[in-house]
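A.B. asks: Quick one: sequence plus predicted model below, questions after.
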Amino acid sequence: MNENVLCVKGIQKSFGGVHALKGVDLTIKKGEIHCLAGENGCGKSTIIKVISGFYQPDGGSIEIDGKEYTNLNTADAIAAGIQVIYQDFSIFPNLTVMENLAFNQVLAEKKKFVNKKEYRKIAEEAVKKINFDVDLDARVESLPVADKQLIAISRALLHNAKLIIMDEPTTALTSKEVTRLFAIISELKQEGITILFVSHKLDEVFEISDRITVLRSGENVHSCPIQEMNEEKFTYYMTGRNFDAIPEKEIQGFEDKDCLLKVSHLSAAGFEDISFELRAGEILGIVGQLGSGRTELSLALYGMLRPFSGSISVEGEEVHLDSAADAQKCGIALVPEDRLTEGLFLPQPIYKNIAVTCLDDLAESAGVLKEENEKALSQSWVDEIGVATKDHTLPVSTLSGGNQQKVVLARCLATKPKVLILNGPTVGVDIGAKYDIHKLLRELAKTGMAILVVSDDVAEVSALCDRAIVMKAGHFSGELTGQELNNENLYGVTA
């Protein structure tokens, strides 16, 4: 009996002369949770699409459950028991839960008429497999991200899945939702279903995986049981770099430092009666789960959400922020939550994305803006914070997620802010970029900049921040500082 559910050897795939996969091997044993890791652009998504039959490889072999496939297509892959849950879940937001769950099966059977009773029976069978309690008549667009993911998992199980591939399944989940997902993955393993878990998050990889394969630049780097991997090896295999340790936080008070930002009894849509002070050189965390009001608070502090009451002061002077331009003039900068929709002009060159907030300063007499001034500013920041690009005249869409985040950060820093607000500073970035961003924030704090990190990433807040305020249901519910600011305590107060 074949012990492998999947065995691919020497897979090659090129796009327009660019080699995305250069002879990749991947063997997954039945009933294991196998992690496929690698930085953005390493080939993870491409190998997934080859395994699922979406791409035809240029070379190599594919064997599923002992059977070799020469021209694997998506129908063959599904019939062989392979299901892929992509980051967007591939569900229909305008349809109900029931319709989403039953649609594929009814379509496969080529039925021409809708039978609601049959739809409901299929849907009930699907959610029962993972004890998923959900309103089958609810529109999917009204549900939280975690429930959308469970719908995708339930639908995959309807097709007698042997191997479920989860592509970055925790990107948009809170820590509580990740715990719930991992429990379901463990249950699926107990039922004999194999999971290929695609991620670059170190803590998740060590928690859930039995075995790990690391890719870099379209090639295999290392594969081993998770017990043979440690944090140092993982980081090196992922990036090809040996990182110097980021200096430990100095446990210190900031009472004698200048107060750069003071918020007094601030209320707006999403939060109420918020007060705190942020001092020069301090990194303050606002930590809370989705819906806690943390994002709304960051928007209000940047003039993008008008408060009902309360006040904001910068360097002791009360300010009225009616727009992002007002905030910028007062010395406040914001790295937004979603860089793709809120932070970048994707078709535009990198240098224009960096220079856009400084056009008035770059303009010469009579308001004439010269392109060389934009490029000079951009190049200085590309060099300063290490944006990995061969040419900053390329569209910013050509960069990896981590380098796109660095571009957003460069644009903020180009305004020379006194207060820097970051909402989810390392969401969707790989381990190398996360290290670079954390190191940069520590260096900025040492120059006297006041930094506010708004996040639901408990590990990030405890590692990076000098002090953390916990936010729940639109209110501050607690504060941690010094030795008490650690992962265990933060998990306890944010759950």
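C.D. replies: Everything's here; your move. Residues are numbered from 1 along each chain as shown.
A.B. asks: And for G478, the neighbour number?
C.D. replies: By other Cβ atoms under 10 Å, 15 other residues sit near G478. C-beta here means a position set from N, CA and C on the backbone, and glycine is covered the same way.
A.B. asks: Hmm, I typed the wrong one, I wanted S186.
C.D. replies: Other residues within reach of S186, judged by other Cβ under 10 Å, total 12.
A.B. asks: State the distance from the spatially most central residue of the chain to V470.
C.D. replies: Centroid-nearest residue in the chain: G428, 2.7 Å away (criterion: Cα atoms, centre = their mean). Separation of G428 from V470 (Cβ to Cβ, to the nearest Å): 24 Å.
A.B. asks: before we move on, back to that, so the residue nearest to the centre of the chain, which state does it fall into?
C.D. replies: coil (DSSP: H, G, I helix; E, B strand; the rest coil).
A.B. asks: ok, now the one 10 residues further on?
C.D. replies: Going by three-state DSSP, the secondary structure assigned to H438 is helix.
A.B. asks: can you pull the contacts of it?
C.D. replies: H438 sits next to I246, T426, E460, A463, L464 when contact means Cβ atoms under 8 Å, 6 or more residues apart in numbering.
A.B. asks: Quickly note the distance from the last one to L284.
C.D. replies: Using Cβ to Cβ, one gets 10 Å for the distance from L464 to L284.
A.B. asks: Overlap of the contact sets of the two?
C.D. replies: Residues within reach of L464 and of L284 at once, by Cβ under 8 Å, 6+ apart, are V453.
A.B. asks: Go ahead and confirm V493 touches E479.
C.D. replies: No. Using Cβ atoms under 8 Å, V493 is not in contact with E479; the gap is 9.4 Å.
A.B. asks: number of nearby residues for N40?
C.D. replies: Counted with other Cβ under 10 Å, the neighbours of N40 add up to 18.
A.B. asks: actually E141, sorry about that
C.D. replies: Neighbour count of E141, defined by other Cβ under 10 Å: 11.
A.B. asks: Show me where the stretch 251-400 of the chain dips below the pLDDT cut-off.
C.D. replies: Residues of the stretch 251-400 of the chain meeting the criterion pLDDT under 70: 251.
A.B. asks: hey, where'd the strands end up in it?
C.D. replies: Assigned strands in the stretch 251-400 of the chain, in chain order: 259-268, 271-279, 283-287, 309-314, 317-319, 332-335 (criterion: DSSP state E, counting those that start in this stretch).
A.B. asks: Quick check: neighbours of the third one in the sheet, parallel or antiparallel?
C.D. replies: Right, the one you point to is strand 283-287. strand 450-455 (parallel), strand 467-472 (parallel) (DSSP bridges).
A.B. asks: just these: most buried one?
C.D. replies: Ranked by mean neighbour count under mean count of other Cβ atoms under 10 Å, these are led by strand 450-455, which reaches a mean of 26.
A.B. asks: Heading C-terminal from that one, find the next helix or strand.
C.D. replies: Downstream of strand 450-455, the next assigned helix or strand under DSSP states H and E is helix 458-464.
A.B. asks: Next, give phi and psi for N40.
C.D. replies: N40 adopts backbone torsions of phi -60, psi 130, taken as degrees, to the nearest 10.
A.B. asks: scratch that, A152 is what I was asking about
C.D. replies: phi -60, psi -40.
A.B. asks: What's the local residue count around it?
C.D. replies: 22.
A.B. asks: Make residue 1 into 51 and carry on from there
C.D. replies: Shifting the count to begin at 51 puts that one at A202.
A.B. asks: wait, doesn't it sit right on F139?
C.D. replies: Yes. In terms of Cβ under 8 Å, A202 counts as a neighbour of F139; the distance is 4.3 Å.
A.B. asks: Check which residues of stretch 266-278 are buried.
C.D. replies: Neighbour-count burial for stretch 266-278 flags R266, G268, E269, N270, V271, H272, S273, I276 (criterion: 16 or more other Cβ atoms under 10 Å).
A.B. asks: for it, what is the average pLDDT?
C.D. replies: Stretch 266-278 carries an average pLDDT of 94.
A.B. asks: what comes into contact with that stretch?
C.D. replies: Contacts for stretch 266-278 (Cβ under 8 Å, 6+ apart): 69-75, 77, 85, 88-89, 91-93, 96, 255-256, 259-265, 283, 287-290.
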